[in-house]
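In: Have a look at this fold, sequence not included:
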């Protein structure tokens, strides 16, 4: 029995080459024909790429990623996993124990540029190509390749026979051109972390055993030639097949990757959201999946409206949630997720991976250099979306005033451990997986919480929408985002970016003393850490009333507005001054307590000194 996916055509008018004059972007148009043998898990391929050099530079070489070569004993991914202090449990020693029939590989038998032979050789997961003729600025070159690959056992993201029994999770599966941008070539070896790709189109034909259902990125072109029908009523397929293999022909427009999955036992259904997006669901039906997957659309329908209002309209007409892989991983118009989960977990992973369509798949940040702009921004948004779904009664759990609190406190705890590493480190070069994970996900999410604390809730909300509008289908970097927020808020924020991204300095503010002074009280504040921040201070009186004060940093060159905290404006605090005196016209006898950061957004690493009198634990 087979089910079938039809993904509507994506027709986007954006041309990625047209960007800021100094921020050109390359373009690649892929055509691939794949012949897949399910008996030995080997496939052969022919690939043609129209490569547009939109840079001002002359290119004498090009580079390709051959990701599957990482899944071999002795590879860089294998050695990294064997030597890192806290290996990913999904990898561990597994690569080192693969047999020749279980490894992954990609070999290239032919590669030409404009019909002329190239000189090429493979270095691990990178194919290095010397061109017979350099590609001049503004020129297009046709690159033709013939290759062979073997699908490895499922270990990390890609592979066959994952732990839930999905036959093929085909991600990072094709020879993929490395990106060349204003920072040069990004031909980083694959050790299991992040990705970066060229904007372009994909035209892919996959021949595979007729028993398999295929779903993934793009629009299926040849449904009429498949010899069977397509059901919107979510029923299993019926059909008579005369061919041993069927050819699945997909087209995807304006994306920077292509992924697919195949299994003979997929159940498939599709539904449109209220916003008109066609969502597809592929899973193996059993007691652990049936009810949860059938109910998944209700959550995704509510979520899309919230996500599009908060972060920018989802630009593609389709998205597919596909059981596969080793956890959750985002791809254009599709995600592969493990599916035998509780309903809240299934909704949570689905939200996170779909939210990546904003941060990385439309805002195509180089996540190898800025993983926190991908994972962190996605985590921040996912926290907001899940809180919204709890408020709507879609998933169980408490609705909270600050859905970012766990990320902020999680980062603060790790910052005190001494194992934190700067966010400026390339994703592959963190000393520990924990430091990478906390940096990319937790500190990356807290980055936006701190921005909100500094500029105000409304300014951040407007900034996220403007960021999406100005940088979609481009490759923004940290400064691009900060400049958007500066324009929206009218504040200077370069100091924050430099402290947060390039250092591991911590925030720690304290209330040193509260004493009588003239007609009121004098509150002595101190910056105990090296990371300067503006201050929100609340006085709670014995009668339950409050008085709020706001102390900007002098180097902000302004003040936040329209925030959840809008205290009386006080004199700026220069970052060079460790101490600050706050005068308040209240009686100490009437004062119950003083609190730094009552909204709990600031990533202060020591909360015990944020309250006066000090609370006994």
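Out: Looks like it arrived, so ask away. Small disclaimer: the values here were computed from a predicted structure and weren't measured. Numbers count the residues shown, from 1 in each chain.
In: Just the strands from the stretch 51-200 of the chain, written as ranges.
Out: Using DSSP state E, counting those that start in this stretch, the strands of the stretch 51-200 of the chain run over 59-65, 105-113, 116-117, 119-123, 126-135, 140-150, 159-160, 168-170, 176-177, 179-181, 184-186, 199-209.
In: need the ones you listed in JSON lines with mean pLDDT and mean neighbour count, can you?
Out: Glycine gets a C-beta too; all of them are placed from N, C-alpha and C. Formatted as JSON lines, the strands of the stretch 51-200 of the chain follow (pLDDT from 0 to 100; neighbours: other CB atoms under 10 Å):
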{"stretch": "strand 59-65", "mean pLDDT": "98", "mean neighbour count": "20"}
{"stretch": "strand 105-113", "mean pLDDT": "98", "mean neighbour count": "17"}
{"stretch": "strand 116-117", "mean pLDDT": "98", "mean neighbour count": "10"}
{"stretch": "strand 119-123", "mean pLDDT": "98", "mean neighbour count": "13"}
{"stretch": "strand 126-135", "mean pLDDT": "98", "mean neighbour count": "17"}
{"stretch": "strand 140-150", "mean pLDDT": "98", "mean neighbour count": "18"}
{"stretch": "strand 159-160", "mean pLDDT": "98", "mean neighbour count": "22"}
{"stretch": "strand 168-170", "mean pLDDT": "98", "mean neighbour count": "26"}
{"stretch": "strand 176-177", "mean pLDDT": "98", "mean neighbour count": "23"}
{"stretch": "strand 179-181", "mean pLDDT": "98", "mean neighbour count": "22"}
{"stretch": "strand 184-186", "mean pLDDT": "97", "mean neighbour count": "13"}
{"stretch": "strand 199-209", "mean pLDDT": "97", "mean neighbour count": "21"}
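In: From residue 513, how far out is the closest residue to residue 165 other than its chain neighbours?
Out: With sequence-adjacent residues excluded and distances taken as CB to CB, 6 or more residues apart in numbering, residue 165 is closest to residue 284, at 6.4 Å. Residue 284 sits at a distance of 64 Å from residue 513 (criterion: CB to CB, to the nearest Å).
In: Among these two, which residue is more densely surrounded?
Out: residue 284 (21 against 13; other CB atoms under 10 Å).
In: List the residues that contact the more buried one.
Out: Residues near residue 284 by CB atoms under 8 Å, 6 or more residues apart in numbering: 164, 165, 166, 263, 265, 266, 267, 323, 339.
In: would you turn the strands of the stretch 51-200 of the chain into TSV with distance to residue 487?
Out: Formatted as TSV, these follow (distance: least, CB to CB, whole Å):
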stretch	distance to residue 487
strand 59-65	34
strand 105-113	42
strand 116-117	48
strand 119-123	43
strand 126-135	36
strand 140-150	35
strand 159-160	45
strand 168-170	42
strand 176-177	34
strand 179-181	23
strand 184-186	28
strand 199-209	25
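In: Nearest to residue 522 among these would be which one?
Out: For residue 522, the closest of the strands of the stretch 51-200 of the chain is strand 179-181, at 53.7 Å, according to CB to CB.
In: packing partners for that closest one?
Out: strand 184-186 (3 or more CB pairs under 8 Å, 6 or more residues apart in numbering; DSSP states H and E).
In: Following the lowest-mean-pLDDT helix or strand in the chain in sequence, what is the next regular element?
Out: Ranking every helix and strand in the chain by mean pLDDT, DSSP states H and E puts strand 219-220 at the bottom, with a mean of 82. In the C-terminal direction, the helix or strand that comes right after strand 219-220 (DSSP states H and E) is strand 245-255.
In: Could you check the angle that next one makes with strand 199-209?
Out: 170 degrees (axes from the mean of the first three to the mean of the last three CA atoms, to 10 degrees).
In: Packing partners of strand 245-255?
Out: strand 199-209, strand 219-220.
In: Including distance to residue 418, could these go into JSON lines?
Out: Formatted as JSON lines, those follow (distance: least, CB to CB, whole Å):
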{"stretch": "strand 199-209", "distance to residue 418": "41"}
{"stretch": "strand 219-220", "distance to residue 418": "51"}
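In: who wins for proximity to residue 577 among those?
Out: strand 199-209 (47.4 Å).
In: ok, the helix or strand following the closest one: who's next to it in the sheet?
Out: For strand 199-209, the following helix or strand on the C-terminal side (DSSP H and E) is strand 213-216. Next to strand 213-216 in the sheet, as set by DSSP bridges, lie strand 260-263 (antiparallel).
In: Quick one: mean pLDDT for the strand it pairs with?
Out: Across strand 260-263, the average pLDDT comes to 98.
In: Quick one: closest of the helices and strands packed on strand 245-255 to residue 518.
Out: Per CB to CB, nearest to residue 518 of the helices and strands packed on strand 245-255: strand 199-209, 63.9 Å.
In: The closest one: how far from the chain's middle?
Out: 24 Å (CA atoms, centre = their mean, to the nearest Å).
In: Name the residues that touch it?
Out: So strand 199-209 is contacted by 16, 25-36, 38, 214, 217-218, 244-256, 258, 260, 262, 264, 364, 473 (CB under 8 Å, 6+ apart).
In: out of these, which are buried?
Out: 16, 25-36, 38, 214, 217-218, 245-256, 258, 260, 262, 364, 473 (16 or more other CB atoms under 10 Å).
In: Where do the helices of the chain begin and end?
Out: With DSSP state H as the criterion, the chain has helices at 76-83, 290-294, 296-311, 343-355, 371, 377-391, 405-415, 433-437, 444-455, 457-471, 478-489, 494-502.
In: Excluding its own residues, what touches the fifth one? List them.
Out: This points to helix 371. With CB under 8 Å, 6+ apart as the test, helix 371 has contacts from 193, 194, 427, 436, 439, 440, 444.
In: Pick out whichever of these sits closest to residue 523.
Out: Checking the contacts of helix 371 one by one against residue 523 (CB to CB), the nearest turns out to be residue 444, at 33.4 Å.
In: Distance check, residue 111 against residue 132.
Out: Distance from residue 111 to residue 132, by CB to CB: 11 Å.
In: between the two, what contacts are shared?
Out: Going by CB under 8 Å, 6+ apart, residues that sit against residue 111 and also against residue 132 are 117, 118.
In: contacting residues for residue 438?
Out: 410, 411, 414, 420.
In: surely the first one meets residue 442?
Out: Yes. Here residue 410 reaches residue 442: they are 4.8 Å apart, a contact under CB atoms under 8 Å.
In: quick one: which of the two has more around it?
Out: residue 442 (25 against 17).
In: Show me how this protein divides into domains.
Out: What automatic domain parsing lists as the domains of the chain is 1-8+25-264, 286-504, 509-612.
In: Okay, the residue located most distally from the centre of the chain and residue 114: tell me how far apart.
Out: Centroid-distance maximum for the chain: residue 518 at 54.3 Å, with CA atoms, centre = their mean. Distance, residue 518 to residue 114, using CB to CB: 83 Å.
In: next one: residue 191
Out: Counting by CB to CB - residue 191 and residue 114 are separated by 33 Å.
In: More neighbours: these two, which one.
Out: Counting neighbours by other CB under 10 Å for residue 191 and for residue 114 shows that residue 191 has the greater number, 22 against 15.
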